[in-house]
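>>> No sequence on hand, only this structure:
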């Protein structure tokens, strides 16, 4: 009997025992029978012979040998006991020929409890084994509303498809997200042997590197860390990655694991916020700048000919060139649709010498973050709102201010008490736009109702969306579609044979681009890497900056335009807030006192409707395929989780 070895594992057991007791925690193995005594069981399933992950074996089925092991399965009985002799004999057998006899165990909430084979598990844990064969009976609890129960039922669906039991998550939705990342989001997608082999190899490679760096000391599961990693670098990146590159990537994003349960604070920077420049910055601004022009890239998902959104950013890029002249060189890239195209274009932009990159679509945020990590000296900004990232700065406009003015105009002009609103995407800021329009209309007509229809649903074409409610005026698309003769944009009368836009919001991206690039040139610009705080910087500028505005038809009466201009002046000065005075909302849960102001965070993340809005909050399943990539990145949580109906 190897007393020296047994003494070593015995000390590990005592150390674990003392550590648990000192913290007021249970020091022994968990007993499944005790757990089931206060658990409602739905059914049992025989899983047959499976490989049981060693680190997921946490206890015993019965209380028979509970006190013989500490919580880490190391022995607690002294070296002169019969138990110690049997343990050492089993260890010697394992070293000589291995342990092949399967244990018997029960699985509950993807944790395993041994019925036969406790000493085998103890020996294998002492030898750092990865798994043990076992005949397993699964005990399934009755569904309830707890997160743990819901997460387990998500695991059961995942297991049914993959038969994988060695990955665990802490957050709801993670199993579905993982299936999507590996290309198996559809029910008919098959988890083939080839896919299984690649996944197992990628996960083990990541797990080894993560634990080697000290991941076991963090309050995050390997599965949580794995999903975080592939959300940034992509699943395919793990296929042929070297250990050195993987270790470098982990170093770059380690804070994402450290702060996993503490999401970065999204700091919305309004245009009226003025940061005091320190003396060094002021001197730097006065010093002569380098003669080489600053190269600035604009990466666009579409072209200016096919997208009004891209057309607007193109105008902003042209404004930047005119404003800064030979101080800069502007390079624009278009038609970036797939992941491969995104990476090709980012590589090309960097190869061309661009050190400032504006990616003009929220769909590009993932690739923007990846390149910001790989090239920390670059300044990369993405056009999106409320993006939680420590690696890039984002920018957007407070369009709800313009929508409030257009809503007030609609309330003045509407011959009936029904207005229509064609919404684009249920994303951050998008719900605030709807509510602001509705509140603007209600301010001048308390009885008015706004009927919302979504332009990107599977169930209807945009031109048919509002025929069932017969609104008098409609707030349609925010932008003029390039090469289109249709007047169905902005605010227009619904029943006119000739569509004539009465007012529409406009973006002047050039305002943002000029101010931002000037601050980069004079050394006062702050990026994500320039702060040691756990925060994400989002520029969210409004009408006071000139980035967002409203244009009106010349047919409007002067008295009407005067009212709108007065409201605009109040918003720009900060004396008037569209969301002050909202008494209650449609769902009855978001009561706002007349004197209260909603914070920028509350406005940006709205996922509820004002009381005079009639419509639904769609689910992901309701959306068209081309809309889903935008909503997956920028969608409000309610939409990404389940959606809801508002009557």
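Thanks, I have it. From a predicted model like this one, the values you see are computed outputs, not experimental measurements. Residues are numbered from 1 along each chain as shown.
>>> After the helix or strand bottoming out on mean pLDDT in the chain, which helix or strand is next? Please name it.
When each helix and strand of the chain is scored by mean pLDDT, DSSP states H and E, helix 279-286 comes last, with a mean of 43. As assigned by DSSP states H and E, the chain's next helix or strand after helix 279-286 is strand 294-299.
>>> and that next one, average pLDDT?
Here strand 294-299 scores 98 as its mean pLDDT.
>>> Show me what counts as buried in it.
294-299 (16 or more other CB atoms under 10 Å). Quick note: C-beta positions are derived from backbone N, CA and C, even for glycine.
>>> Break down the stretch 151-300 of the chain into its helices, ranges please.
174-181, 193-212, 222-233, 243-258, 279-286 (DSSP state H, counting those that start in this stretch).
>>> show me what contacts residue 215?
Residues in contact with residue 215 (CB atoms under 8 Å, 6 or more residues apart in numbering) are 222, 225, 257.
>>> how about 6 Å then?
Residue 215 sits next to residue 225 when contact means CB atoms under 6 Å, 6 or more residues apart in numbering.
>>> Show me where the stretch 451-600 of the chain has its helices.
Using DSSP H, counting those that start in this stretch, helices in the stretch 451-600 of the chain cover 509-521, 558-573, 600-604.
>>> Just name the most buried of those helices.
Between the helices of the stretch 451-600 of the chain, helix 509-521 has the highest mean count of neighbours, a mean of 20, where neighbours are mean count of other CB atoms under 10 Å.
>>> counting contacts, what elements does it pack onto?
Packing contacts for helix 509-521, counted by 3 or more CB pairs under 6 Å, 6 or more residues apart in numbering; DSSP states H and E, involve helix 308-324.
>>> Show me what the helix it packs on is packed up against.
Using 3+ CB pairs under 6 Å, 6+ apart, helix 308-324 sits against strand 328-333, helix 509-521.
>>> May I see those organised as CSV, with mean pLDDT and distance to residue 604 added?
Listed next are the helices and strands packed on helix 308-324 as CSV, based on pLDDT from 0 to 100; distance: least, CB to CB, whole Å:
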stretch, mean pLDDT, distance to residue 604
strand 328-333, 97, 28
helix 509-521, 96, 17
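>>> Of the helices of the stretch 151-300 of the chain, which is nearest residue 385?
helix 222-233 (18.9 Å; CB to CB).
>>> Tell me the helices and strands packed up against the closest one.
Packing partners of helix 222-233 (3+ CB pairs under 6 Å, 6+ apart): helix 174-181, helix 193-212, helix 243-258.
>>> what's the closest of these to residue 81?
helix 193-212 (33.0 Å).
>>> Can you pull out the low-pLDDT segments for the stretch 451-600 of the chain?
459-467, 479-487, 496-499, 528-533, 582-595 (pLDDT under 70).
>>> re earlier: packed most tightly, which of the helices and strands packed on helix 222-233 would that be?
Using mean count of other CB under 10 Å, helix 174-181 ranks as the most buried of the helices and strands packed on helix 222-233, with a mean of 19.
>>> thinking again about what came up before, and the helices and strands packed on helix 308-324 as TSV, adding distance to residue 609?
Formatted as TSV, the helices and strands packed on helix 308-324 follow (distance: least, CB to CB, whole Å):
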stretch	distance to residue 609
strand 328-333	38
helix 509-521	29
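>>> Out of the ones you listed, which gets nearest to residue 55?
Of all these, strand 328-333 sits nearest to residue 55, with 46.2 Å by CB to CB.
>>> Can you check the pLDDT for residue 184?
pLDDT at residue 184 comes out at 91.
>>> count of residues packed around it?
20 (other CB atoms under 10 Å).
>>> ok, and the closest non-adjacent residue to it?
Distance criterion CB to CB, 6 or more residues apart in numbering; nearest residue to residue 184, sequence neighbours excluded, is residue 191 at 6.2 Å.
>>> thought the one you found was touching residue 164?
No: judged on CB atoms under 6 Å, residue 191 makes no contact with residue 164 at a distance of 8.4 Å.
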